[in-house]
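Asker: Sharing a sequence plus its predicted fold:
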Amino acid sequence: MDHPHIIIGGGTYGCFTALRLAERFGGDRVLVVEQEADLMRRASYNNQARVHGGYHYPRSVLTALRSRVNAPRFLSEFAEAIHSDFQQIYAVSRRQSNVTAGQFEHFCRRIGSQ
Ligand SMILES: Cc1cc2nc3c(=O)[nH]c(=O)nc-3n(C[C@H](O)[C@H](O)[C@H](O)COP(=O)(O)OP(=O)(O)OC[C@H]3O[C@@H](n4cnc5c(N)ncnc54)[C@H](O)[C@@H]3O)c2cc1C
């Protein structure tokens with residue numbers, strides 16, 4: 001069988017790319033090569049499952065803005081995988097944090113989240 005589209009790694013990105021390619025070229029034209037016994041076993045499984053809306057990156061405004069721009073698309077495309085029936089709280093440690101509460105507040109204003 002001819003496999004013109006070969007993807008190395010079956011994590012989130014590899015699987016998503018494979019699905020998109022399969023939609024376009026047909027499933028028999030796409031091959032995902034994964035070193036583990038199953039798909040989605042590495043970072044795509046071992047993460048904290050937060051949908052990033054920008055708040056997580058107070059030391060990178062660019063990353064925060066990219067997250068804010070892309071979050072609505074992610075929320076729309078993966079709506080069935082998202083839980084939102086709980087309260088979300090961002091807290092800044094008073095001690096030993098790389099960001100103070102004041103800096104975090106300033107950052108939130110810069111990315112338009114306040
Ligand atoms: C601790 C932690 C917490 C995180 N928390 C969040 C979060 O809250 N929210 C968020 O949005 N993101 C979070 N992330 C980031 C997110 O998990 C990753 O950005 C995302 O899963 C990356 O997907 P991936 O497909 O690139 O990588 P992976 O899921 O790691 O997939 C790569 C795959 O490639 C395979 N592979 C590698 N080399 C080869 C090879 N030579 N041959 C065959 N297969 C190979 C691996 O086995 C693996 O299955 C977190 C990450 C970590 C590590």
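Answerer: Okay, I see it. Just so you know, these numbers come straight off a predicted model, no measurement behind them. Residues are numbered from 1 along each chain as shown.
Asker: Just the buried positions in the longest helix that the chain contains, please.
Answerer: The helix spanning the most residues in the chain, taking DSSP state H as the definition, is helix 61-77. By neighbour count on 16 or more other Cβ atoms under 10 Å, the buried set for helix 61-77 is 64, 67-68. The way it works is simple: take the backbone N, C-alpha and C, and place the C-beta from them, glycine included.
Asker: for stretch 16-27, same thing?
Answerer: By 16+ other Cβ under 10 Å, the buried positions in stretch 16-27 come out as 18, 21.
Asker: and that stretch, C-alpha only, in PDB?
Answerer: The C-alpha coordinates for stretch 16-27 follow below in PDB (Å, rounded to 0.1, in the frame of the first residue of the first chain):
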ATOM      1  CA  PHE A  16      -4.500  16.000  14.500                       C
ATOM      2  CA  THR A  17      -2.400  16.400  11.400                       C
ATOM      3  CA  ALA A  18      -3.100  12.800  10.400                       C
ATOM      4  CA  LEU A  19      -6.900  13.300  10.700                       C
ATOM      5  CA  ARG A  20      -6.700  16.400   8.600                       C
ATOM      6  CA  LEU A  21      -4.600  14.700   5.900                       C
ATOM      7  CA  ALA A  22      -6.900  11.700   6.000                       C
ATOM      8  CA  GLU A  23      -9.900  14.000   5.400                       C
ATOM      9  CA  ARG A  24      -8.200  15.400   2.400                       C
ATOM     10  CA  PHE A  25      -6.400  12.400   0.900                       C
ATOM     11  CA  GLY A  26      -8.100   9.400   2.400                       C
ATOM     12  CA  GLY A  27      -7.200   7.400   5.500                       C
END
